[in-house]
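In: Have a look at this prediction, sequence included:
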Amino acid sequence: MVGETKPLSYLPISTLREICGVEPQKMREELEEKGLAVIEFTQEESGVGGGALYTYDRDALRRVLESGRSTLEKNKWPTEPDEFVRNLKVFAEDPDLYNLVMQVFADPRLKKD
């Protein structure tokens, strides 16, 4: 489901193994074959029990980040896709930044003006 309308997604490693029946490396290979970027985070890095596998469409994410560049810069967040994803464990109180993060995940709770 990752692409233009949902630039970024993740699944806990435990969900991949227990519910999907797939090892993280196999999932990584399948996603990368589709042209998606993949980063695996440990539990400590992600705050997700057992770790998480994040996947994203770099081009789609880059477009969203560019549209929110001023919010990212104001909060000292990276504006490049790979660094942005690596920075997701750090969160701020800024509602504009919160909405931008919700937008890249295509979260239905996104507050729209």
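Out: Nice, I can see it. Numbers count the residues shown, from 1 in each chain.
In: At which residues are the helices of the protein located?
Out: Here the chain has its helices, by DSSP state H, at 13-18, 24-33, 43-46, 58-67, 69-74, 81-86, 95-104.
In: how about those in CSV, adding mean neighbour count?
Out: Placement of C-beta: from N, CA and C, glycine included. Putting those into CSV (neighbours: other Cβ atoms under 10 Å) gives the following:
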stretch, mean neighbour count
helix 13-18, 16
helix 24-33, 14
helix 43-46, 14
helix 58-67, 16
helix 69-74, 14
helix 81-86, 18
helix 95-104, 17
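In: do you know which of those helices lies nearest Thr5?
Out: Closest to Thr5 of the helices of the chain is helix 58-67 (Cβ to Cβ; 8.0 Å).
In: As CSV, could you dump the C-alpha coordinates of that closest one?
Out: The C-alpha trace of helix 58-67 is given here as CSV (Å, rounded to 0.1, in the frame of the first residue of the first chain):
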residue,chain,number,x,y,z
ARG,A,58,11.3,8.0,-1.6
ASP,A,59,9.8,10.1,-4.4
ALA,A,60,6.4,10.4,-2.8
LEU,A,61,7.9,11.1,0.6
ARG,A,62,10.2,13.7,-0.8
ARG,A,63,7.2,15.6,-2.3
VAL,A,64,5.4,15.6,1.1
LEU,A,65,8.6,16.7,2.9
GLU,A,66,9.2,19.5,0.4
SER,A,67,5.6,20.8,0.9
